[in-house]
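Just to be clear, the model below is a prediction. Sequence and coordinates:
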Amino acid sequence: MSKQSTVCLEDVEKPAPSVKGRKRKPGPSRSNPWPQPGTPDEALMVEQNLGMVRSVVARLSLGLPTHVDGDDLYSAGLGGLLNAIRAYNPQAGTSFETYARVRIRGAILDELRRMDWVPRSIHTKARKVQAVAKVIEQKKGRQATEEEIAKGLDISLREYRRWAEEIRPATIINLDADLQSDTDDSLSQYESLADSRAEDPVEGAFRHELAELIVEQLHQLPEMQRQVLALYYFEEMRLAEIAAAFSLTESRICQIHAQALQSIKGCLQRCDPCFMQPYSF
């Protein structure tokens, strides 16, 4: 069936030769506020947004190992798109594209977690790198260099860089997935919640310790607060986009975000009030 055959004459208020056969844009109209499930309008809208699915898949696929099936990710993205079409509220004030991208991304990340595509060997390498780097940082009071980590692992610099490339793609999995792990593999991600201004050795060690406490506290946060922090800090989404993803108001997301940071701040103050002197949330 061609794309044009899905256009119903009833949807065109004043048929005219100049618009005959023109592909109608998906979305609200007087006769159809939003495409209904299982209708030609819905099928047309899916078809016209396939490029969005491909775009999200391409972005998330960067650096993934070759054994990860792109077709599986695309299928998951299609499911996210269909769910977005059926759950979207045109009256919410958020564009459909913004809302759909959130749902598509989430569906693909869910599929990646379900696949558990990261081999055990990669997890092992990540733990070894983290352990060596941590020892060096504690000893020298600064971030470990590539050369130092390679030496600590007793491998060449070239081999270490190959390890780093193998480990790097795993970071696309979001905060919730990281929190389900008992390892420190993703600690460096959480350091972005601490201030990144540290330059001198003492400040660097202080910042790393602060990041460790933040990771520990993140485990204790309610699921909704963890998700908001993940989307805001690691997915770099705006609060308005997060609100659209959860069908909540932006003010409610702001409140959840503030509560999460306040909870972390309170924990740090209880552990040691001096932690909060050079930092602010």
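Perfect, thanks for sending it. Since we're looking at a predicted model, the values are computed, not measured.

how about low-confidence regions in this structure?
1-33, 62-63, 65, 93-94, 116-118, 143, 168-213, 235, 267-281 (pLDDT under 70).

mind listing the helices for it?
For the chain, the helices defined by DSSP state H cover 40-48, 50-61, 70-87, 96-115, 120-140, 146-153, 157-167, 175-179, 187-190, 201-218, 223-229, 239-246, 250-271.

got a markdown table for those, with mean neighbour count too?
All C-beta atoms are positioned from the backbone trio N, CA, C, and that covers glycine. Shown next, in a markdown table, are the helices of the chain (neighbours: other CB atoms under 10 Å):
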| stretch | mean neighbour count |
| --- | --- |
| helix 40-48 | 17 |
| helix 50-61 | 16 |
| helix 70-87 | 18 |
| helix 96-115 | 20 |
| helix 120-140 | 15 |
| helix 146-153 | 17 |
| helix 157-167 | 14 |
| helix 175-179 | 19 |
| helix 187-190 | 18 |
| helix 201-218 | 17 |
| helix 223-229 | 19 |
| helix 239-246 | 21 |
| helix 250-271 | 16 |
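
how about CSV for those, with distance to residue 34 added?
Shown next, in CSV, are these (distance: least, CB to CB, whole Å):
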stretch, distance to residue 34
helix 40-48, 9
helix 50-61, 17
helix 70-87, 8
helix 96-115, 9
helix 120-140, 43
helix 146-153, 53
helix 157-167, 44
helix 175-179, 30
helix 187-190, 38
helix 201-218, 37
helix 223-229, 26
helix 239-246, 15
helix 250-271, 22
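
Let me see the domain layout of this protein.
Domain assignment for the chain, taken from automatic domain parsing, gives 36-115, 119-171, 173-281.

My read is that residue 100 contacts residue 81, right?
Yes: contact criterion CB atoms under 8 Å: residue 100 and residue 81 qualify, at 5.9 Å.

any shared contact partners between these two?
In terms of CB atoms under 8 Å, 6 or more residues apart in numbering, residue 100 and residue 81 are both contacted by the residues 49, 52.

Give me the spatial nearest neighbour of residue 76, chain neighbours excluded.
Spatial nearest neighbour of residue 76, chain neighbours left out: residue 111 (3.7 Å); criterion: CB to CB, 6 or more residues apart in numbering.
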